[in-house]
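**Student:** sequence and predicted structure are below.
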Amino acid sequence: QKEVEQNSGPLSVPEGAIASLNCTYSDRGSQSFFWYRQYSGKSPELIMSIYSNGDKEDGRFTAQLNKASQYVSLLIRDSQPSDSATYLCAGWQWGKLQFGAGTQVVVTP
Amino acid sequence: SAVISQKPSRDICQRGTSLTIQCQVDSQVTMMFWYRQQPGQSLTLIATANQGSEATYESGFVIDKFPISRPNLTFSTLTVSNMSPEDSSIYLCSVDKSGSGDEQFFGPGTRLTVL
C-alpha cells in the first residue's frame, strides 16, 4: 500500500465548475500536507499547504484536512482552462515528502 | 522562494555510460533532495542530500548506481552510473528551506534518454 493515494484521473471539469480532488494517507505520523500543481513538461510548484483539521482557503483554492479519516482534499472553484494540470498530494514525514500518484485535471471550455 | 538551476537540461546517452547532473541554488539550504519522475508517473525520491552528512538513499536506490555529492550549501550533483534504458527519466533537484516541507521548491529537471 502506497503511503499517499490519489485517483489518477483524468478528472474532466467544465469551465467555471468546481474541481474536487481527493487524497488519503496511511501514516498517522504525517502532520503537514501539501498540494503541488505540475503542468506538462514543467516541474511541480507548491500551491497549498495545510497542517490542522479543517479548511484553508487561498483565492480559488480550498484545502481540507481530516486527520481522523486520514483524508486531504483540494477544491478549485471557478475552474479555468489554465487549471488543466496534474495535481500532486504530498505528506511530510521523517524529513521528506511522500507524493501521491497525482490527479490529472482537464478543464473543458 | 528559491531559484534552482540544473545542468544539463536534457541529454541522450549510450547504455553503459554515466551522466552527472548538477544542481545550483541561489541561496544556502541545508536540505536538498533528488527525485526521479518517469513518463506519466509521480515523483520518486532517490535520496536526501544534506550538507555535512552522507546522502540517505531510499529503498531501491543505491550509492553505487546514484552517487551524490554535496560539497556546500548551494550545490549538489547526482551521477547516474552504468546507465540502461530503464534509467530514462526526468531527474529533479529539490530544496527545502524550512526543514518541514513548507518551502520545498523544485528545479526545472534534467530529461535523460538512454539508448
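**Tutor:** That came through, no problem. Numbers count the residues shown, from 1 in each chain, chains lettered A, B, ... in the order given.

**Student:** show me what contacts whichever residue of chain A sits closest to chain B?
**Tutor:** Closest approach between chain A and chain B, counting by C-beta to the nearest C-beta: residue A:92, at 3.4 Å. All C-beta atoms are positioned from the backbone trio N, CA, C, and that covers glycine. In this structure, residue A:92 makes contact with A:30, A:31, A:32, A:33, A:34, A:98, B:100, B:101, judged by C-beta atoms under 8 Å, 6 or more residues apart in numbering or on different chains.

**Student:** for chain B, which residues are neighbours of chain A?
**Tutor:** B:31, B:33, B:41-43, B:45, B:48, B:92, B:99-109 (C-beta under 8 Å from any C-beta of the partner chain).

**Student:** out of the residues you listed, which end up buried?
**Tutor:** Neighbour counting by 16 or more other C-beta atoms under 10 Å in any protein chain shown classes B:31, B:33, B:42-43, B:45, B:48, B:92, B:101, B:103-107, B:109 among those as buried.

**Student:** find the nearest non-adjacent residue to the residue in chain B that chain A sits nearest to, please.
**Tutor:** Closest contact between chain B and chain A, by C-beta to the nearest C-beta, is at residue B:101 (3.4 Å). Take residue B:101 and drop its neighbours on the chain: the residue closest to it by C-beta to C-beta, 6 or more residues apart in numbering or on different chains is residue A:92, 3.4 Å away.

**Student:** who does the helix or strand that the one you found is a member of pair up with?
**Tutor:** According to DSSP states H and E, residue A:92 maps onto strand A:85-93. Using DSSP bridges, the strands paired with strand A:85-93 in its sheet are strand A:32-38 (antiparallel), strand A:96-99 (antiparallel), strand A:103-108 (antiparallel).

**Student:** coming back round to it: for the contacts of residue A:92, work out which two are farthest apart.
**Tutor:** Greatest spacing in the contacts of residue A:92, by C-beta to C-beta: A:98 and B:100 (13.9 Å).

**Student:** redo the contacts of residue A:92 as a markdown table? Include pLDDT.
**Tutor:** Below are the contacts of residue A:92 laid out as a markdown table (pLDDT from 0 to 100):
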| residue | pLDDT |
| --- | --- |
| A:30 | 80 |
| A:31 | 82 |
| A:32 | 92 |
| A:33 | 94 |
| A:34 | 95 |
| A:98 | 91 |
| B:100 | 80 |
| B:101 | 80 |
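
**Student:** so which of these wins on neighbours?
**Tutor:** For the contacts of residue A:92, counting by other C-beta atoms under 10 Å in any protein chain shown, the largest number of neighbours falls to residue A:33: 26 neighbours.

**Student:** who's it bridged to?
**Tutor:** With DSSP bridges as the rule, residue A:33 is bridged to residue A:50, residue A:91.

**Student:** who's in contact with residue 24?
**Tutor:** Chain wasn't specified; assuming chain A. A:4, A:5, A:69, A:70, A:71, A:72.

**Student:** to clarify, I was referring to chain B.
**Tutor:** Taking C-beta under 8 Å, 6+ apart, one finds B:4, B:5, B:6, B:7, B:74, B:75 in contact with residue B:24.
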